[in-house]
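Undergrad: sequence below, structure please.
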Amino acid sequence: MRITVPVRYCSLVGQREIHASTRTTHFANARAIAARLLNKWYVSLEEFKQVDKEKIRGNTPLFSVVKS
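TA: Here you go, the predicted model:
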């Protein structure tokens, strides 16, 4: 499976694409494994978004008074 990393997160991830093998030739198993990997990726993206928000608030005093 191949996942494209959004440009703004490439420096955090260290690459533009993530390649992962499901290590199976059984289609149903591969789909289930890929779904779990994608779920982990989406969780990571949410963590990256939080880092972005914290970085923006920390570097811009005006934004630090605005709570989200």
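
Undergrad: CA only for contacts and neighbour counts going forward, please
TA: OK.

Undergrad: low-confidence ranges in this structure?
TA: Across the chain, the ranges flagged by pLDDT under 70 are 56-68.

Undergrad: any idea which helix or strand carries residue 18?
TA: strand 17-19 (DSSP states H and E).

Undergrad: listing partners with orientation, what would you give for that strand?
TA: The pairing partners recorded for strand 17-19 under DSSP bridges are strand 2-4 (antiparallel).

Undergrad: so how far is the strand it pairs with off the chain centroid?
TA: Its chain's average C-alpha position is 10 Å from that of strand 2-4, according to C-alpha atoms, centre = their mean, to the nearest Å.

Undergrad: so what touches the helix or strand that comes right after it?
TA: Per DSSP H and E, the first helix or strand lying C-terminal to strand 2-4 is helix 10-13. Helix 10-13 has contacts (C-alpha atoms under 8 Å, 6 or more residues apart in numbering) with 5, 16.
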